[in-house]
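K.L.:
I would like to see how this sequence folds:
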Amino acid sequence: MLFSPIRQHAESDWRMASKFTAFFSWGLRLGDLVVVVAAGLLAYRLRFDSFDLPIEYVRSLVRGVLFALIVLNSSALYRSWRGSSISKEAFALVALWSLVFTAGIVYTVALQLADDFSRQWWLTWFLLTLAGTIAARVVLRSVADYLRARGMDHRTAVIVGGGRDARRIAQVFASRPWTGIEIKGWFSTPASHKYLDDAPLLGSLEKLADYVESNRIDQVWIALPMSAENEIQDVLRRLSHSTADIKLVPDLFGLQLLNHSVEQVAGVPVINLRSSPLHSGARVTKAIEDKVLASLILLLIAPLMLAIAIGVKLSSPGPVLFRQKRHGINGREIEVLKFRSMRVHAEHGTVTQATKGDPRITRFGAFLRRTSLDELPQFLNVLTGEMSVVGPRPHAIAHNQLYREQVDEYMQRHRVKPGITGWAQVNGLRGETDTLDKMVSRVEYDLYYLQNWSLAFDLRIVFLTVFKGFINRNAY
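P.N.:
Coordinates of the predicted model:
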């Protein structure tokens, strides 16, 4: 008899846990929409002591729901947050709801309807929505912890192989019990290398199938090198009658990966080793984020830009704006706008980076460069779709040709649109890159951004830019 009643009962528990996971996910999606409407109604009650909303407030609530559907569902908000602190999820909610309400305010201002609404109502609506959605997640986490403590969504697993990947699997699950996966031990193969002391050795492959069945194991993790095709086939053959999940951890040590994932193309399983971090919904979210932020910021800084334009004109003869050729997404050439900070001159076929005390820089231009105010016209590049508010900073084309031969993965920066600010810039990597090490560090930060992109990460960078990204002693 291949499957015992106990095993069947375990499979039933697993399916029930999966249903609970789906229920919680869709429950949160619906709950967030209910909260945003309820918060708007309560905010109106607190402000006007009535639930009888005028039609313009009702329309604003409907727009809030529509913007929430677009922004929240295009983000990673509804992924599994198990193991992440509530503060990280709360920060993501702050960022996403800020974008939703900013979009609503920009829409209202653009239609000249701002005078029809109470500013106190807007603020109260935002704060109540944020508090309600965070509270819902605190409750959900408590319920999930309660269920897991009683065996829900709990799985047992064994590892095939004893190499570096096997050790990493055992260490990860041992240090993160919230995953609900308990490693019982590992099985050796002729291709195994003994690195694993974090789990007991259960025997060779001959004992694998019996152990999996008799101990009701839910998952088998194969951690063998890609050259061990025969051993992998042997594992699959031995477990051909088992309903345990079988997971392959390919040995990809030493490979430079970028947004790796697994998919099927025309029915063929494919491991993506490098791909763009922005696909479908993420790309739409990024585009909405760019247009909303750029429009709002340009409205706020229009008087400042006018004053700077006058200052540039008075500082030296020449145009107000300077157009630099740069590489955009996928290496396409674009023209990046800046306030001119140098006297008009010719480069004679080469691009020379600005250095400290550079005689080409005007006194007013030096101030613009130190404070990054010369970059403000690039919000127009964002509106035209050539740049993003956040992304890897665009380098001179000549520098790209130089560094692509000297810095590993350098051109991977161009998988997304270049940005006005970026993760490297808020970490102090601005201005002149007079050594190769400086460029290597900047690229490392850019690749980290590509690997970890999210809407919340973008808004975090924008927030940090306001406080630490404008003025830098290396910018001249």
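K.L.:
For this protein, which segments count as helices?
P.N.:
5-48, 55-73, 86-110, 119-149, 164-175, 208-214, 229-238, 280-315, 363-371, 378-383, 397-403, 423-426, 436-451, 455-464 (DSSP state H).
K.L.:
quick one, which of those is nearest to residue 245?
P.N.:
Proximity to residue 245 (C-beta to C-beta) singles out helix 5-48 among these, at 9.0 Å. Where you see a C-beta, it was placed from the backbone N, CA and C, and this is true even at glycine.
K.L.:
about what we covered before: can you say which of the helices of the chain is packed in most?
P.N.:
Mean neighbours per residue, mean count of other C-beta atoms under 10 Å, is largest over those for helix 423-426, with a mean of 25.
K.L.:
Show me how far that helix is from its chain's centre.
P.N.:
A distance of 15 Å separates the centroid of the chain from that of helix 423-426, by C-alpha atoms, centre = their mean, to the nearest Å.
K.L.:
Could you list the residues in contact with it?
P.N.:
Contact with helix 423-426 is made by 392-393, 430, 441-442, 445-446, 448-449, 457, 461, 464-465, 468-469, as judged by C-beta atoms under 8 Å, 6 or more residues apart in numbering.
K.L.:
let's go with 10 Å and repeat that
P.N.:
With C-beta atoms under 10 Å, 6 or more residues apart in numbering as the test, helix 423-426 has contacts from 372, 390-393, 413, 419, 429-431, 441-450, 452-453, 457-458, 460-470, 472, 475.
K.L.:
Compare the mean pLDDT across the helices of the chain and name the weakest.
P.N.:
Out of the helices of the chain, helix 5-48 stands lowest, with a mean of 72 (criterion: mean pLDDT).
K.L.:
ok, the closest residue in space to residue 90 that isn't next to it in sequence - contacts?
P.N.:
Spatially, and ignoring its direct neighbours in sequence, residue 90 is nearest to residue 134 (5.2 Å; C-beta to C-beta, 6 or more residues apart in numbering). Each residue near residue 134 by C-beta under 10 Å, 6+ apart is listed here: 35, 86, 89, 90, 93, 94, 97.
K.L.:
Can you add distance to residue 334 and give the helices of the chain back as a markdown table?
P.N.:
Shown next, in a markdown table, are the helices of the chain (distance: least, C-beta to C-beta, whole Å):
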| stretch | distance to residue 334 |
| --- | --- |
| helix 5-48 | 37 |
| helix 55-73 | 27 |
| helix 86-110 | 25 |
| helix 119-149 | 36 |
| helix 164-175 | 41 |
| helix 208-214 | 56 |
| helix 229-238 | 46 |
| helix 280-315 | 14 |
| helix 363-371 | 21 |
| helix 378-383 | 7 |
| helix 397-403 | 10 |
| helix 423-426 | 19 |
| helix 436-451 | 17 |
| helix 455-464 | 20 |
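K.L.:
For residue 244, which of these is the nearest?
P.N.:
Of all the helices of the chain, helix 208-214 sits nearest to residue 244, with 5.4 Å by C-beta to C-beta.
K.L.:
Can you name every helix or strand that the closest one contacts?
P.N.:
If you count contacts as 3 or more C-beta pairs under 10 Å, 6 or more residues apart in numbering; DSSP states H and E, helix 208-214 packs onto helix 5-48, strand 155-160, strand 181-188, strand 201-204, strand 219-222, helix 229-238.
K.L.:
For the third one, which strands pair with it and how are they oriented?
P.N.:
Strand 181-188 has the following sheet partners, assigned by DSSP bridges: strand 155-160 (parallel), strand 201-204 (parallel).
K.L.:
before we move on, the earlier item: if I look at the residue nearest to residue 90, how far off is residue 320?
P.N.:
Taking C-beta to C-beta, to the nearest Å as the measure, residue 134 falls 46 Å from residue 320.
K.L.:
ok, now residue 404?
P.N.:
From residue 404 to residue 320 the distance is 33 Å (C-beta to C-beta).
K.L.:
what does residue 221 give?
P.N.:
61 Å.
K.L.:
neighbour count winner among these two?
P.N.:
More crowded of residue 221 and residue 320, by other C-beta atoms under 10 Å: residue 221, with 22 against 14.
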